[in-house]
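> coords below, sequence missing:
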């Protein structure tokens, strides 16, 4: 594990991609990288999370093999980079119906979305993941619509843009009145 920590000496993309290359050559190190991601403090946890994210871009099924370990720690983490990277994997690479405890993940995403204390990137990814979950569970669209309409996102262009895009899609699909 110390070898992986030494490899992640900074947060540069070059450093992260080198670590991904090592994982590709030695997939047995994935568990150790995942432990660094979920159990270390910032900045090591964030760096390891980016490695996991980039690795799962190539091998998305890998995270599913560890999902029972990932979900409880993902929900409890205070490291923004870990939140972002894991949500990015869920948004881009995973069928949300394969996520156990999807209700807990959904609830946590709403908590992060509605919290002014969360960085904007965490809030945006939360919204995107909520939307993806709602696409698989259309009954959730009304709740999402209510939340979007109650929130004041005027000071957050990226959130405002995404909420407008989501509402436009829903209206186009006639999911909302």
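Okay, I see it. Keep in mind the model is a prediction, meaning the values are calculated, not measured.
> burial of the closest residue to residue 64 other than its chain neighbours, as a residue count?
Among residues not flanking residue 64 along the chain, residue 98 sits closest, at 6.0 Å (Cβ to Cβ, 6 or more residues apart in numbering). Yep, even glycine has a C-beta here, placed from its N, CA and C like the rest. Residue 98 has 12 neighbours, counted by other Cβ atoms under 10 Å.
> next: residue 82.
24.
> again, but for residue 87
25.
> number the residues from 854 up from this point.
Noted, 854 is the first residue going forward, which turns the last one into residue 940.
> OK, contacts around it?
Residue 940 makes contact with 962, 975, 978, 979, 981, 982, according to Cβ atoms under 8 Å, 6 or more residues apart in numbering.
> in which helix or strand would I find the second one?
Spelled out, that is residue 975. Element membership of residue 975 [criterion: DSSP states H and E] is helix 973-989.
> and that helix, which residues are buried?
Neighbour counts over helix 973-989 (16 or more other Cβ atoms under 10 Å) mark 975-987 as buried.
> can you name the next helix or strand after it?
Sequence-wise, the next helix or strand downstream of helix 973-989 (DSSP H and E) is helix 994-1003.
> what's whichever helix or strand residue 869 is part of packed up against?
Assigned by DSSP H and E, residue 869 falls within helix 866-878. Identification of packing neighbours for helix 866-878 by 3 or more Cβ pairs under 8 Å, 6 or more residues apart in numbering; DSSP states H and E yields helix 855-860, helix 883-892, helix 897-911.
> now, of these, which is deepest in the fold?
helix 897-911 (a mean of 22; mean count of other Cβ atoms under 10 Å).
> from residue 885, how far off is the residue nearest the centre of the chain?
Closest residue to the average C-alpha location of the chain: residue 940 at 0.8 Å, with Cα atoms, centre = their mean. Distance, residue 940 to residue 885, by Cβ to Cβ, to the nearest Å: 22 Å.
> repeat for residue 913
20 Å.
> repeat for residue 865
21 Å.
> point out where the chain drops to low pLDDT.
1026-1030 (pLDDT under 70).
> got the contact list for residue 996?
residue 987.
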